[in-house]
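Below is the sequence, then the predicted model.
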Amino acid sequence: MKRKGLFALIVLALGGVGAAHAADYSNWYIAPRVGAVFPDSNRQTQESPLLGLGAGYWVNPNFAVDFEATHNNADFKDSSPRPGKQWESVGLDVAGRWMFSDWSGWRPYLMGGIGALKHAAVASGQPPANGAAAGGYVHGWGPMATAGVGIQKALTDRVAFRGEVAYRWDRDTASAKYAGLSDHRSYGDTLATLGLVISMGQAAPAPAAAPAPAAPTCEQLDDDKDGVNNCDDKCPNTPAGTIVGPDGCPQKVVIDLRGVNFKYDRPKSGETDISKVLKEPTEESMGILDQTVDTLKRYPQVRVEVDGYTDSKGKDDYNQALSERRAKIVYDYLVSHGIDASRLDGPKGFGETNPIDTNSTDEGRARNRRVELKVLDQGAQQ
């Protein structure tokens with residue numbers, strides 16, 4: 001093959017890139033290539049075109065193995081002992097190529113291979129020599145080894161470009177002797193080639209799309225984060241931290257201390273034990289106080305005012321001070337049981353004002369001797 005044929009094949013090979021379709025591919029590929037052989041000077045031949053066709057397999061993403069056949073046919077130089085002959089070489093080899101990391105889309109690699117090279121010296125009208133048959137054709141196989149460097153770049157998902165420069169060593173004991181080069185049996189040539197790596201696999205099926213997650217139902221949603229799902233929430237845009245009822249609507253917290261009543265004229269100044277100043281039965285009143293502590297702990301955003309009251313007996317000034325002592329003893333009880341003082345306003349005393357029952361009977365006056373917790377606000381939860 002002459003140089004015009006070499007260049008034509010390069011054009012055809014590279015032109016084929018446009019016909020390739022992007023696709024996922026299997027590990028197998030074919031690798032056609034074309035190039036030139038720059039021969040060992042001892043061969044006394046001219047540079048010649050090289051054709052190669054290989055089939056390769058990706059062992060892993062960095063290592064590929066190629067099985068290849070090559071062919072080149074070189075003319076002897078005019079100064080050779082027997083001008084007019086041609087020296088044909090046919091190679092069969094297996095080569096490994098180790099690819100380095102991708103560098104801006106290019107992957108440099110190292111190559112090494114072993115195989116055999118068939119040599120054939122062909123006479124062109126010259127008489128046979130050294131026992132050659134009539135017609136002057138002598139051939140023989142010899143061992144071969146190659147080593148080189150190259151670079152590869154993906155052009156599509158299925159096609160890659162490959163350029164390579166390699167050194168080829170071979171041993172020839174037949175055609176070289178026929179050509180009159182009996183002093184030389186081993187040769188080293190330089191090969192420069194361009195080629196393609198074309199996947200032979202079918203396009204892999206697209207991975208099954210992950211099923212779309214099921215849309216959450218209203219029972220699973222709570223858009224205003226009030227603890228009531230959207231299905232049951234009749235007030236869907238309640239401000240954050242608002243205390244709501246089972247229907248999701250704002251609900252006023254009521255802290256009722258009715259039942260926590262004080263003995264007549266108690267507490268005295270300096271008394272701090274609330275259990276000794278409450279109206280009998282004391283256990284019932286203490287239970288109400290403990291429930292109040294639990295309620296305040298469950299609603300940490302609630303602030304309350306602690307207000308004390310008396311019945312109508314006694315002077316106004318005395319009743320005012322007594323109501324303040326009652327508010328203070330309840331205030332201290334709440335703080336001592338874990339309610340932060342910043343959540344409590346007061347204590348405040350209101351004397352005999354705002355009775356909740358008549359002051360004309362013992363029972364009515366007993367109910368008026370009380371402490372109330374007035375809810376001030378239900379600010380955002382901490």
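Looks like it came in fine. Numbering: from 1, shown residues only.

tell me which strands and helices the helix or strand containing R325 is in contact with?
Counting by DSSP states H and E, the element that carries R325 is helix 316-336. Contact analysis of helix 316-336 by 3 or more CB pairs under 8 Å, 6 or more residues apart in numbering; DSSP states H and E lists helix 282-298, strand 302-308, strand 344-349, strand 371-378 as its packing neighbours. In short, each C-beta sits where N, CA and C put it, glycine included.

Dump these to CSV, plus distance to W106, mean neighbour count and mean pLDDT.
Putting those into CSV (distance: least, CB to CB, whole Å; neighbours: other CB atoms under 10 Å; pLDDT from 0 to 100) gives the following:
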stretch, distance to W106, mean neighbour count, mean pLDDT
helix 282-298, 68, 15, 87
strand 302-308, 69, 21, 90
strand 344-349, 75, 19, 90
strand 371-378, 68, 18, 81
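
how about a markdown table for the ones you listed, with distance to D222 added?
Below are the helices and strands packed on helix 316-336 laid out as a markdown table (distance: least, CB to CB, whole Å):
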| stretch | distance to D222 |
| --- | --- |
| helix 282-298 | 19 |
| strand 302-308 | 21 |
| strand 344-349 | 31 |
| strand 371-378 | 18 |
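
Look at R266 and say how many residues are nearby.
17 (other CB atoms under 10 Å).

Once you drop chain neighbours, what's closest to it?
Counting by CB to CB, 6 or more residues apart in numbering, R266 lies nearest to V277, which is 3.9 Å off, once chain neighbours are set aside.

rewinding a little: figure out which of the helices and strands packed on helix 316-336 is closest to D317.
Closest to D317 of those is strand 344-349 (CB to CB; 11.1 Å).

does the residue nearest to R266 really touch K263, like I thought?
Yes. If you go by CB atoms under 8 Å, V277 and K263 touch, sitting 5.8 Å apart.

more neighbours, these two?
Using other CB under 10 Å, the more surrounded residue of V277 and K263 is V277, with 19 against 14.

need the strands for the chain, in chain order.
Here the chain has its strands, by DSSP state E, at 28-38, 48-60, 63-75, 86-99, 106-122, 137-154, 159-171, 186-199, 302-308, 344-349, 371-378.

and the shortest one, what other elements does it pack with?
For strand 344-349, the packing partners by 3+ CB pairs under 8 Å, 6+ apart come out as strand 302-308, helix 316-336.

could you give the angle of it to strand 371-378?
Angle of strand 344-349 versus strand 371-378, following axes from the mean of the first three to the mean of the last three CA atoms, to 10 degrees, is 150 degrees.

Check the offset of strand 344-349 from the chain's centre.
Centroid separation for strand 344-349 versus its chain: 57 Å, with CA atoms, centre = their mean, to the nearest Å.

when you compare where that strand runs with where helix 316-336 runs, what's the angle?
Compare the direction of strand 344-349 with that of helix 316-336 by the same axes, to 10 degrees and you get 150 degrees.

Other residues contacting the helix holding R325?
For helix 316-336, the external contacting residues (CB atoms under 8 Å, 6 or more residues apart in numbering) are 257, 260, 262, 265, 267-269, 271-272, 274, 277, 289, 292-293, 296, 306-314, 341, 344, 346-352, 369-371.

what mean pLDDT would you report for that helix?
What helix 316-336 shows for mean pLDDT is 92.

for stretch 160-178, same thing?
Averaging pLDDT along stretch 160-178 gives 84.

How far does that stretch sit from its chain's centre?
Taking CA atoms, centre = their mean, the mean C-alpha location of stretch 160-178 is offset from the chain mean by 48 Å.
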